[in-house]
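Asker: compute the structure for the input listed below.
(chains A and B)
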Amino acid sequence: MIEPRILRELKRIVGEENVLTSPEDLIAYSYDATFLEHRPDAVVLPGSTEEVSEVMKVAYREGLPVIPRGMGSGLAGGSIPFSGGIVLALTRMNRILEIDEENMTAWVEAGVITAEFQSEVEKRGLFYPPDPSSHKYSTIGGNVACNAGGPRCLKYGVTGDYVLGMRVVLADGRILRTGGKVIKNATGYNLSRFFIGTEGTLGVITEVLLKLIAKPRYIATAFAVFPKIEDAGRAVHRILLSGIIPASIELMDQTTIGTVEEYLHLGLPTWAEAILVLEADGNQEEAVLREIEAIAGICRENGAVEVKVAKSETERNNLWKARRSVSPSLARRAPNKLGEDITVPRSQVPEAVKRIREISQKFGLPVAVFGHAGDGNLHPNILFDKRKPEDMEKVEKIAGEIFKIAVELGGVLSGEHGVGVLKQPYLEMALGPVAVEVMKAIKKALDPKGILNPGKVIPLGVPWRGE
Amino acid sequence: MNAKSLLPTEEQYLFCIRCGQCVTECPTFRVTLKETQSPRARVMLIRKFLEGELPPSPNFVDQIYSCLDCMACNAICPVGIKPADLALQMRAYLNKTQPQPWIKPLVFRGYFTRPWLIELSMLPFILYQRLGLQRLLHSLGIDRLLPAQLRDLEKLLPNPLPLRPLRSSLPERIPAKGERKLRVGFFLGCFQNTVFARGSAASIRVLAENGCELFMPKDVQCCGMPHLGYGELDTFLELARHNIALFEGEELDAIITDCATCGSTLKEYGKYLKDDPDWGERAEKFSHKVRDINEFLVEVGFRKPARKLPLKVTYHDPCHLRRGQGVWKQPRQILEAAVEEFVEMEGADTCCGSAGTQILTHYKTSAAILEGKMEKVGASGAEVLATGCPGCQLQLGLGVRKKGLKVQVLHPVELLDLAYAFENEREAK
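Answerer: Coordinates of the predicted model:
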């Protein structure tokens, strides 16, 4: 419960209608895209950086937890208010403040929907490449706070690679401005980089300065079926070695192929261990076509038995259909799923897929693996039913094993979703005690009262299990 | 009917993975930017209610009624959850178990079930266009409206309104022009009979022009969508049975309506009466024959006018046509044939915020959605905004008048009718 006098103060800052406390509102802000939930005590929707600053001053004075939230599409429980307190929803801050065509940069507010920003800059021939699969229903602020990736990141890099500066409201309400419209910057600590991926635990990112590039004019797609997943892995390696950087290389494993086929009946080869969907893009049509043919050729040479190449928009959509249908197909197979996003060194992708398959068989729950083979970022999705206690137990064990595989193979827990609460128990295993101590020290320095998204990323004793 | 049996089942919400895809698709979220006003939240609220964790407070009821039933969420959901349908089911339940918002009994109890009453009620509106709205609303007991809402209501109805309802000015049987190729039933919707009588008169001419003999029963009653929308399921089923019976005695190739809402509702009679031993089969047979006029004209290969109207036209997809019936190519094909320049506007398929009565029940949201729509209409540069749903036509007409746009709102088939007339005019010269 938040005292009425505090609620009155918050209402004075953001307006009466932007402080929500009804049970319906609290339920609406109790979840993200995981199976977890917990209600906040209030929801505050600020309209500007200055309002965020005023809200933080009140929260700091009162020691109230503040949980920043974009569209609530996160996959690690990072925006769920397990600590109670205030959910600070940034959806009203959805203005594109400036698109600077000459310097190829843009200032946006945190609540701008990523896909809408992309279509706005594309109207001007510019391009913002990061494409998390949630780009139509996630925000730039959320993407930066979790350092979101996507298929195109193999060639173009992740969200963090496009951040040139930001405005961040600190725990005590001070406003920090970092970076600038420059490509090079060696002026002090790189604070713009520093806040990327901090998941709202060190400050509230309210405005972001993004780098833009020119939009590639041509794109072509290839689709390759591999009976053996090792062959798919070798093909990826050979493609990159040949000097081609595909815009994306997407992988579906056998369980995934089977699930999609069961749902859509596209005629997919359910006997195959892997399907790759690869893309080449660029500004010269002949070059793009040459590249996609070369990619197709390398796939054939390395054991692909069926290779298709699409040049038109319609053909491309057909080839992407199977990959795009992965999430819905999985969702229809079980009421709940836990989607992880471990990343391993590229050469270890086939080994990781094999080991995950063994774990799945050992515990008897389906785990479908798909993801971005080019950058080693895999999405093992555990399918289960939250209503069955025995399933929940297995889920926890399987997730633990998957993280262990990632670390053993020289990889990391999360490539693009973030730690939130779900990966927290494995953080020390992955990073070692010193790294966690350093993180705790930073947290303490920037958020001495521990009010910013408490209990996320690094363990701070906020219970979330069994909620 | 037992209220509990109306509630959604677990299968209808259990598989929601809360991904959030529906949230940005939802018009009420787009204007409020609050999760509570999104399909994902509505599914969650309904779930919490069904699981006994949330009492049906007035705010809960309001959230359930704030859905526009535009079905954008149904269409986007990767898992096949239908949040809009869940909201409608909840309304049917709530209507049985607790009192409804003030507007509903006033507007619906016994109103749409009696065509003569609707016609009669137009009279004061015709009068108001001379006398002013304030007094009229007062006499109806509606004085809880906001000042801005009052101003908007004055702009809601086309001015001037037709003086005579269509059903009293046309015979029950209308011959085909030239050789009779088909025999069709025509379902005259409530609004088409009154406010938009000119539009349906045009539909009838176009059908006759294309070789259809028409059977237009005079005592059709409302299709039942308003009742379904407000949870009056029993009344809805009564209306459905009445309307089915009217068309049963005739040999018809199709039953046609030029109202998107009526069409989508009539097509669902079969589904709603499925378990009724006396009516199940009859309803299915009826629904099977129902066609939206755009759909029908394209299906039978309508005659292309010899000359196109020199107009720049854009099109708004009614939710009940595009998502409700999967009809969106056909009206565009008709417009391409009827006018010289057809342009797509941005976001043609997003809801206009009408949803029947949202301008009365959820004014702020509805008006904000409309404002966004009007910006897109203005940007298209079109002189005519075509759409085939009276709810949309009323709402868009209001938008055009509020914004001061020089744009006419017409049914696509009205433009085809005009093009036929235009062609004859030229022949006469």
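Asker: which is the next helix or strand following the helix or strand hosting A:Pro350?
Answerer: According to DSSP states H and E, A:Pro350 maps onto helix A:349-363. Next along the chain after helix A:349-363, taking DSSP H and E as the criterion, comes strand A:367-372.
Asker: show me what that next one is packed against.
Answerer: Here strand A:367-372 touches strand A:248-253, helix A:254-264, helix A:326-333, helix A:349-363, strand A:377-384, going by 3 or more C-beta pairs under 8 Å, 6 or more residues apart in numbering or on different chains; DSSP states H and E. Using the backbone N, CA and C atoms, a C-beta is placed for each residue, glycine as well.
Asker: quick one: secondary structure of A:Trp271?
Answerer: coil (DSSP: H, G, I helix; E, B strand; the rest coil).
Asker: just give the number of residues close to it.
Answerer: 11 (other C-beta atoms under 10 Å in any protein chain shown).
Asker: and the closest residue to it other than its chain neighbours, how many neighbours does it have?
Answerer: Setting aside the residues directly before and after it, A:Trp271 is nearest to A:Pro227 in space (C-beta to C-beta, 6 or more residues apart in numbering or on different chains), at 7.1 Å. A:Pro227 is flanked by 15 other residues according to other C-beta under 10 Å.
Asker: same question for A:Pro425.
Answerer: Look at A:Pro425: counted by other C-beta under 10 Å, it has 14 neighbours.
Asker: repeat that for A:Asp385.
Answerer: Residues near A:Asp385, counting by other C-beta under 10 Å, number 14.
Asker: now the one 4 residues further on
Answerer: A:Pro389 has 8 neighbours, counted by other C-beta under 10 Å.
Asker: tell me how far it lies from A:Ile213.
Answerer: Distance, A:Pro389 to A:Ile213, by C-beta to C-beta, to the nearest Å: 50 Å.
Asker: mean confidence for the lengthiest strand in chain B?
Answerer: For chain B, the longest strand by residue count, based on DSSP state E, is strand B:309-315. On average, the pLDDT along strand B:309-315 is 95.
Asker: pull out the buried residues from that strand.
Answerer: B:Leu309, B:Leu311, B:Lys312, B:Val313, B:Thr314, B:Tyr315 (16 or more other C-beta atoms under 10 Å in any protein chain shown).
Asker: would you format those residues as JSON lines with distance to chain A included?
Answerer: Converted to JSON lines, those look like this (distance: C-beta to the nearest C-beta, whole Å):
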{"residue": "B:Leu309", "distance to chain A": "31"}
{"residue": "B:Leu311", "distance to chain A": "27"}
{"residue": "B:Lys312", "distance to chain A": "22"}
{"residue": "B:Val313", "distance to chain A": "24"}
{"residue": "B:Thr314", "distance to chain A": "19"}
{"residue": "B:Tyr315", "distance to chain A": "21"}
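Asker: low-scoring stretches of the chain, by residue?
Answerer: If you meant another chain, say so; for now it's chain A. A:465-467 (pLDDT under 70).
Asker: wait, chain B was what I had in mind.
Answerer: Residues of chain B that meet the criterion pLDDT under 70 lie in B:1, B:99-164, B:426-429.
Asker: which stretches of it form strands?
Answerer: Applying DSSP E to chain B gives strands spanning B:173-174, B:182-186, B:212-215, B:254-257, B:290-292, B:309-315, B:339-342, B:384-386, B:408-410.
Asker: save the ones you listed as CSV, and put in distance to A:Lys394 too.
Answerer: Formatted as CSV, the strands of chain B follow (distance: least, C-beta to C-beta, whole Å):
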stretch, distance to A:Lys394
strand B:173-174, 68
strand B:182-186, 59
strand B:212-215, 63
strand B:254-257, 54
strand B:290-292, 50
strand B:309-315, 52
strand B:339-342, 57
strand B:384-386, 56
strand B:408-410, 58
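Asker: ok, now how distant is whichever residue of the stretch 301-429 of chain B sits closest to chain A from A:Pro23?
Answerer: Closest to chain A within the stretch 301-429 of chain B is B:Lys364: 9.7 Å, counting by C-beta to the nearest C-beta. Relative to A:Pro23, B:Lys364 is positioned 22 Å away (C-beta to C-beta).
Asker: so these two - more neighbours on which side?
Answerer: Using other C-beta under 10 Å as the criterion, B:Lys364 and A:Pro23 rank with A:Pro23 on top: 16 against 13.
Asker: nearest residue to the more buried one in space, please, no chain neighbours.
Answerer: In this structure, A:Pro23 finds its nearest non-sequential neighbour in B:Leu54, 6.1 Å apart by C-beta to C-beta, 6+ apart.
Asker: wait, isn't the one you found in contact with A:Glu24?
Answerer: Yes - B:Leu54 is within contact range of A:Glu24, at 7.4 Å (criterion: C-beta atoms under 8 Å).
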